[in-house]
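Participant: predicted model follows, preceded by the sequence.
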Amino acid sequence: MEMLPGIHQLRLPMAGNRLRHVNGYLIERGDGYALVDCGWDTADVLETLRAELHRLGSGLDDLRALIVTHFHSDHYGLAGTLKRLAPVRLLMHRLDWLFLRTNLVDPSRAAAGAAAWLERNGWPGSLSMEEQRTVENFRRFTLVAPDQELEDGEVLEVGRYALRVVWTPGHSQGHICLYEPEQRVLLSGDHVLDPITPHVGVMRPDMGDPLGAYLASLRKVAALGVDLVLPAHGEPFAGLGRRVDELLAHHRERAAAAREALSREPATAADVAARLGWTRRHTPFGELARLEQRMAVAETLAHLESLRASGQVTRTTLHGRRYYEGR
Ligand SMILES: [Zn+2]
Ligand SMILES: [Zn+2]
């Protein structure tokens with residue numbers, strides 16, 4: 001699907017995942033194509049990419065650049081395979097590469113670290129073999145270094161377009177959007193989606209206040225002149241300002257709910273998560289699948305840490321568990 005002259009949207013499959021697919025964007029340049037986000041490292045994704053390039057009268061050999069909005073495997077997963085099969089230069093933000101090479105060199109250690117972290121925050125369940133496999137599948141990629149580390153404000157000349165790198169930390173620390181001021185178009189990665197609410201969570205120690213960063217990044221893109229948003233999941237949409245307002249309002253409500261759910265007794269993030277409704281239908285925490293419960297605890301932690309950053313709650317550690325209390 002050609003979204004703008006020379007910008008083609010690809011729907012790369014995410015089999016078995018409720019998101020169903022991730023959108024890659026092929027952008028024509030004089031000597032071939034740049035691809036923004038590449039999908040999982042799976043055969044069906046590679047097949048889809050080959051077929052789409054073939055339809056455009058090209059092949060993998062014509063891929064010259066791969067720009068990755070962030071390190072999640074539905075965006076970065078295939079990068080290692082593409083580096084092997086195509087003459088492609090990989091570009092990503094410095095901080096997401098730093099994160100990958102320090103935290104995800106050993107996936108099973110990373111998984112064990114995540115389980116221990118959730119336990120410290122009151123979520124007791126270790127995963128079943130099958131759940132563990134799901135998590136590992138989702139994380140599967142070959143670690144490959146970028147040829148170019150990106151910084152905020154850099155401009156990438158891709159064919160007729162000059163794409164400005166807009167650093168938008170929150171969903172990941174090194175998340176970027178790409179902005180084209182003449183066409184007033186924003187490739188938003190997972191930063192702004194509609195109607196999906198992007199996940200912002202705390203999945204390991206020392207992550208600081210990612211929600212605070214996310215909200216600032218929402219305001220940052222809202223200040224750009226944008227007529228069309230090309231997101232990594234779901235349909236392209238107009239009305240970036242409206243969508244940012246909705247997401248800001250959503251987080252204000254969730255923050256108020258998290259604040260209210262704190263009783264006088266110290267509570268873990270899992271205790272607080274269990275007092276909140278989840279999904280758009282306000283599903284009780286206990287009815288979520290266990291992998292969704294993990295995400296819910298990580299999101300609750302993001303809210304609690306954000307409230308803590310603004311001095312509204314305090315945190316203590318007792319017998320290895322972390323507890324929050326309202327002020
Ligand atoms: Zn993501
Ligand atoms: Zn994604």
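Facilitator: That came in fine, so what should we check first? Numbers count the residues shown, from 1 in each chain. Ligands and ions are numbered 1, 2, ... in the order given.
Participant: which other residues reach stretch 57-68?
Facilitator: 29, 31-38, 49-50, 53, 75-76, 79, 82, 85-92, 96, 146, 150, 156, 158, 163, 178 (CB atoms under 8 Å, 6 or more residues apart in numbering). All C-beta spots, glycine's among them, are computed from the backbone N, C-alpha and C.
Participant: nearest to ligand 2: which residue in the stretch 1-150 of the chain?
Facilitator: At 4.3 Å from ligand 2, Asp74 is the closest residue in the stretch 1-150 of the chain, using CB to the ion.
Participant: next, the residue nearest to that residue when sequence neighbours are not counted: secondary structure please.
Facilitator: Distances taken as CB to CB, 6 or more residues apart in numbering put Val22 closest to Asp74, at 4.5 Å, once the chain neighbours are dropped. Secondary structure, DSSP: H, G, I helix; E, B strand; the rest coil: Val22 is strand.
Participant: same check, this time on Ala110
Facilitator: Ala110 - assigned by three-state DSSP - is helix.
Participant: buried residues in the host helix or strand of Arg259?
Facilitator: For Arg259, the host element (DSSP states H and E) is helix 240-261. The neighbour-count check on helix 240-261 (16 or more other CB atoms under 10 Å) flags Leu240, Arg243, Val244, Leu247, His251, Arg254, Ala255, Ala258, Arg259, Ala261 as buried.
Participant: contacts only, for the spatially closest residue to Arg160 that is not a sequence neighbour.
Facilitator: Ranked by CB to CB, 6+ apart and with sequence neighbours excluded, the top spatial neighbour of Arg160 is Gly6, at 6.2 Å. Residues in contact with Gly6 (CB under 8 Å, 6+ apart) are Ile27, Glu28, Gly159, Arg160, Tyr161.
Participant: out of the buried residues of helix 240-261, who's nearest ligand 1?
Facilitator: Using CB to the ion, those come closest to ligand 1 at Leu247, 15.0 Å.
Participant: got the confidence number for that closest one?
Facilitator: Looking at Leu247, its pLDDT is 98.
Participant: and the gap between the closest residue to it other than its chain neighbours and Arg280?
Facilitator: Closest residue to Leu247 in three dimensions, ignoring its sequence neighbours and counting by CB to CB, 6+ apart: Leu218, at 5.9 Å. Separation of Leu218 from Arg280 (CB to CB, to the nearest Å) stands at 19 Å.
Participant: so those two - more neighbours on which side?
Facilitator: Leu218 (21 against 8; other CB atoms under 10 Å).
Participant: and for Gly311, the neighbour number?
Facilitator: 8.
Participant: phi and psi next, for the residue lying farthest from the centre of the chain.
Facilitator: The centre of the chain is farthest from one residue, Arg264, which by CA atoms, centre = their mean lies 34.2 Å away. Main-chain dihedrals, Arg264, degrees, to the nearest 10: phi -80, psi -20.
Participant: and it, how far is that from Gly174?
Facilitator: On the measure of CB to CB, Arg264 and Gly174 end up 39 Å apart.
Participant: isn't His75 up against Leu35?
Facilitator: No. His75 is beyond contact range of Leu35, at 10.9 Å (criterion: CB atoms under 8 Å).
Participant: which phi and psi does the residue in the stretch 1-150 of the chain positioned nearest to ligand 1 have?
Facilitator: As assessed by CB to the ion, ligand 1 sits closest to His72 within the stretch 1-150 of the chain, at 3.6 Å. Taking degrees, to the nearest 10, you get phi -60, psi 150 for the backbone angles of His72.
Participant: neighbours of it, just the number please.
Facilitator: If we define neighbours as other CB under 10 Å, then His72 has 23 of them.
Participant: show me what contacts Ala232?
Facilitator: Ala232 neighbours (CB under 8 Å, 6+ apart): Val22, Asn23, Asp37, Thr69, Asp74, His75, Ser188, Gly189, Asp190, Leu193.
Participant: Leu90 bridge partners, please.
Facilitator: Leu66 (DSSP bridges).
Participant: burial check on it, number of neighbours?
Facilitator: Neighbours of Leu90 (other CB under 10 Å): 21.
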